[in-house]
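[1] Using only what follows, build the 3D model:
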Amino acid sequence: MGKKKWLSIQQTVWIALGLCLGLIFGLIMPEFFYTPLNLIATIYMSSLKMMIFPLVFCSLLTGIMGIGSIAKTGKIGLYSLLWFTATTLFASTLGLFLPGLLHLGVGARIVATDVKVDAVEFKSLLGTLENIIPSNPIAAFSEGNMLQVLSFSIIMGLACLSLKEKAEPFVKLCTSIHDISIFIVSKIMLFTPIGVFACMATVMYSNGIKTVLQLGQVMLALYITFALYALIVYGGIVRLVGKIPVGKFFSSIAPASLNAFSTCSSNATLPLSIECAVESLDVPEEIASLTLPLGATINMDAVSILMSFMISFFAAALGIPLTLDTMITVLAANTLLSIGTPGVPGGAIAAFAALAPMAGLPINQILGVYISVNTLADMGATTVNVIGDIACATAISKQLEKKNG
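    Below is the predicted model:
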C-alpha cells in the first residue's frame, strides 16, 4: 500500500472518529462547552472559506491552460452542465413523488410559526443568464457570488489560452497562488478531525435529540433516499461510465464526504474534493479544476431532493393537493433554484421560502418546521452533492480519455 493511500485511510479514520464523537458529545455536553466549540467550528470553516475563491479562480485558469485547447475546454464544460442539469431534474422528480408513494406527512400536525426568511427571487433561465457575467469582478469575489467568479475565471482562462506567451507572466502568478493555496489547505486539513468534531457537536447541541426524534420518520426516509440515490445513480455513473468499482470510489472520496457531512458546505469541501479526485481517483488536475468548482456551484441534486421531498410532505400534512400543473411548475422552479442555491450551510432555506408558495403552501406556517430540520437534512444533502461532483469529474475524465485514446 502506497504512502499516500495509507495517509488517506488514516485521515478518513480520524475524520470519522471526530464526526462520531461530535455527534455523541453534542447530545450530552453541558451548555458552557458550546461557546468554545462554536469558536473552533467557526475558525475551521473560515479557514477553509478563506482559500476557496483564490483556489477556484487559479485552479480554473491553470486547468484551462493545462487542457490547452478552447474547443476541449468547452467540451468539458458542456459535458459537466449536461450531467449536472440532467441529474438535478431527475433528483427533483424523485423527491416530489417518493413521499407520496410512502404516504409521508399524512396525519402529521404542523404548528404555525412566525418565522420569516427573505425568499430567493425566482428567475427565469434568461434572468439567470443575465447575471452570470459580473459587471464588477471584484464585487463578485467580495460578495461570494460563485457563479460570477466561475464565469470570470473561465473568460480569463480562455483569454490567456488565446494570448499564449503574452499571458505567461499572469499564468505563472496564478500557478504560484494555486500552489500556495493548496499548501495552506493541506495544512488546514491536518485539523479537520478537530474541526469536524466541533461542527458536529454544535449542530447536535443546537438541534437536540428531541428534534431528531420528532421528525425521525421523515429524516429516516430522506436519508434512505439520499443513500440510495448516491449508491444507485452516482455509483452507477462511476461504474458504467468511469469504469471504477463502486467500493473503491466511495472509499476514495470518504474524507471529502465526511467533511461535507459535518460542515454542510460543498464550497468549504471543495479543496478536499479536488484532492480526492486527483490523488485517489486519478482524475487529471485540469479536469478536476474545471468540473468540481462548477459542480460545487450548480450541482445541487440532493437539495432538489430535499426541497421536493419537503414540499410533498407539507402538502400531505396540510391536505393540499398537488396538481400536475403545480408539480411541473415545482420541478422546473426547483431545478433552477437548486442550481442557484449557495453551497453554504443553510443555503436551501431561502430557496425553499421561494418554492413553497408556488405549490400553494402557507410559508409562514411551515417554515419554522423546515428550519428546525434543515441543518440535519442539509448534512446529508451536502454529502450527496459532493459525491455527485466527484462522480461527474470521474465520468467525464474517462469519457474524454476514451475519445482521445
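[2] how much space between the residue sitting nearest the centre point of the chain and residue 323?
    The chain has residue 266 as the residue nearest its centroid, 3.7 Å off, counting by Cα atoms, centre = their mean. Distance, residue 266 to residue 323, by Cβ to Cβ, to the nearest Å: 33 Å. C-beta: built from backbone N, CA, C; applies to glycine.
[3] same thing with residue 248?
    The value you get for residue 248 to residue 323, if Cβ to Cβ is used, is 45 Å.
[4] what's next to stretch 170-178, contact-wise?
    Stretch 170-178 is contacted by residues 54, 55, 57, 58, 59, 61, 62, 65, 160 when judged by Cβ atoms under 8 Å, 6 or more residues apart in numbering.
[5] which one is the third one nearest to, not counting chain neighbours?
    Ranked by Cβ to Cβ, 6 or more residues apart in numbering and with sequence neighbours excluded, the top spatial neighbour of residue 57 is residue 153, at 4.8 Å.
[6] tell me the contacts of the one you found?
    By Cβ under 8 Å, 6+ apart, the residues touching residue 153 are 56, 57, 60, 61, 293.
[7] Now the strand or helix carrying it: buried residues?
    Counting by DSSP states H and E, the element that carries residue 153 is helix 146-163. Neighbour-count burial for helix 146-163 flags 146-154, 156-158, 160-161 (criterion: 16 or more other Cβ atoms under 10 Å).
[8] Please produce JSON lines containing the residues you listed, extended by pLDDT and distance to residue 170.
    JSON lines is the format used below for the buried residues of helix 146-163 (pLDDT from 0 to 100; distance: Cβ to Cβ, whole Å):
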{"residue": "146", "pLDDT": "64", "distance to residue 170": "22"}
{"residue": "147", "pLDDT": "66", "distance to residue 170": "23"}
{"residue": "148", "pLDDT": "78", "distance to residue 170": "20"}
{"residue": "149", "pLDDT": "77", "distance to residue 170": "17"}
{"residue": "150", "pLDDT": "72", "distance to residue 170": "18"}
{"residue": "151", "pLDDT": "79", "distance to residue 170": "18"}
{"residue": "152", "pLDDT": "86", "distance to residue 170": "14"}
{"residue": "153", "pLDDT": "82", "distance to residue 170": "13"}
{"residue": "154", "pLDDT": "80", "distance to residue 170": "15"}
{"residue": "156", "pLDDT": "88", "distance to residue 170": "8"}
{"residue": "157", "pLDDT": "83", "distance to residue 170": "11"}
{"residue": "158", "pLDDT": "84", "distance to residue 170": "13"}
{"residue": "160", "pLDDT": "87", "distance to residue 170": "6"}
{"residue": "161", "pLDDT": "81", "distance to residue 170": "12"}
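[9] could you give me the average pLDDT of the helix or strand containing residue 268?
    Counting by DSSP H and E, the element that carries residue 268 is helix 266-275. Across helix 266-275, pLDDT averages out at 82.
[10] Enumerate the positions of the helix or strand hosting residue 177 that are buried.
    Take DSSP H and E as the rule and residue 177 turns out to sit in helix 168-188. Within helix 168-188, the residues scored as buried using 16+ other Cβ under 10 Å are 171, 174, 177, 178, 181, 182, 184, 185, 188.
[11] Residue 51 touches residue 185, doesn't it?
    Yes. Between residue 51 and residue 185 there is a contact at 5.3 Å, judged by Cβ atoms under 8 Å.
[12] Next, show the common contact partners of these two.
    residue 271.
[13] related to what we said a few turns ago, looking at the contacts of stretch 170-178, which has the most residues close by?
    residue 61 (30 neighbours; other Cβ atoms under 10 Å).
[14] show me the contacts for that residue.
    Applying Cβ under 8 Å, 6+ apart, the residues contacting residue 61 are 153, 156, 157, 160, 171, 174.
[15] what's the following helix or strand after the strand or helix carrying residue 227?
    Per DSSP H and E: residue 227 is located in helix 216-229. Next along the chain after helix 216-229, taking DSSP H and E as the criterion, comes helix 235-240.
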